[in-house]
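> Whatever this is, show me its structure:
(2 chains)
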Amino acid sequence: KAGVTQTPRYLIKTRGQQVTLSCSPISGHRSVSWYQQTPGQGLQFLFEYFSETQRNKGNFPGRFSGRQFSNSRSEMNVSTLELGDSALYLCASSLEGPVYYEQYFGPGTRLTVT
Amino acid sequence: KNQVEQSPQSLIILEGKNCTLQCNYTVSPFSNLRWYKQDTGRGPVSLTIMTFSENTKSNGRYTATLDADTKQSSLHITASQLSDSASYICVVYNTDKLIFGTGTRLQVFP
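Residues are numbered from 1 along each chain as shown, chains lettered A, B, ... in the order given. Have a look, this model is predicted:
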């Protein structure tokens, strides 16, 4: 079974631009969660999508948004990029949700904002 | 406040030695606790999942313990290998949220 894939793996953007990251979950998984990881803050939960609906949300500004498609693939968008958005963005999929089901992480997208 | 604290922040050991990583949490209500291993530049990989009623769980050379009364967990690595060099993250799940520890960076030297 193929694992979670994320594209692109690396991205360099300029302050003020916007960016879209993509995540393809494991086949059959309906829940996709997104996380931001930085050296100072560690892993922080952004949001979770289940059956095309945002089910849970972390404490991030509205510049961070996402969506999920009918095939469970998910995208995450960050608008008006700031230097502090430089981070590793991880996507994870699970069968029905991360709390009660095993969660599988993708390799991440390394975003650098200059 | 829901919080997960890990210690030590970093650890250096020699290949073949054992080590123990600690995780203290103040999460309520408690659903389960997981230990993840994250290699540099990769996504985390689950090592163990423990519910309230489980005290010990093993995965090869990794053994996790949980004391739900004191809200403490530990991850013991036996006969360390160079490939154990990674960050180890403790994550506590309550009924609708995941609370992450900041991790322990382990380096194993030959």
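> Helix or strand: which one has residue 22?
Using chain A here. strand A:19-24 (DSSP states H and E).
> meant chain B, my bad for not saying
Assigned by DSSP H and E, residue B:22 falls within strand B:19-25.
> what's the answer for residue A:102, then?
Of the helices and strands defined by DSSP H and E, none includes residue A:102.
> separation between it and chain B?
Counting by Cβ to the nearest Cβ, to the nearest Å, the gap from residue A:102 to chain B is 6 Å. For glycine as for every other residue, the C-beta is placed from the backbone atoms N, C-alpha and C.
> Could I get the contacting residues of that residue?
A:94-95, B:46, B:49 (Cβ atoms under 8 Å, 6 or more residues apart in numbering or on different chains).
> Now do the same for it: its pLDDT.
As predicted, residue A:102 sits at a pLDDT of 90.
> ok, for the residue of chain A found nearest chain B, nearest residue in space, not its chain neighbours?
Residue nearest to chain B within chain A (Cβ to the nearest Cβ): residue A:105, separated by 3.2 Å. Spatial nearest neighbour of residue A:105, chain neighbours left out: residue B:43 (3.2 Å); criterion: Cβ to Cβ, 6 or more residues apart in numbering or on different chains.
> so who does that neighbour touch?
Contacts of residue B:43 (Cβ under 8 Å, 6+ apart): A:4, A:90, A:92, A:105-108.
> closest to residue B:8 among the contacts of residue A:102?
Closest approach to residue B:8 among the contacts of residue A:102 (Cβ to Cβ): residue B:46, at 22.0 Å.
> contacting residues for the closest one?
For residue B:46, the contacting residues are A:102-104, B:34-36, by Cβ under 8 Å, 6+ apart.
> Quick check: the farthest pair among those?
A:104 and B:35 (15.1 Å).
> on that earlier part again, name the SS class of the residue nearest to residue A:105, please.
coil (DSSP: H, G, I helix; E, B strand; the rest coil).
> Pull out the buried residues from stretch A:6-20.
For stretch A:6-20, the neighbour count (16 or more other Cβ atoms under 10 Å in any protein chain shown) marks A:6, A:13, A:19 as buried.
> ok, now which ones touch the residue most central in space within chain A?
With distances taken as Cα atoms, centre = their mean, the residue of chain A nearest its centroid is residue A:34 (3.1 Å). Residues near residue A:34 by Cβ under 8 Å, 6+ apart: A:23, A:45-48, A:66, A:74, A:76, A:89-92.
> I would like the residues contacting the helix or strand hosting residue A:77, please.
For residue A:77, the host element (DSSP H and E) is strand A:74-78. Applying Cβ under 8 Å, 6+ apart, the external contacts of strand A:74-78 come out as A:18-23, A:25, A:32, A:34, A:46, A:49, A:63-69, A:85, A:89, A:91, A:111.
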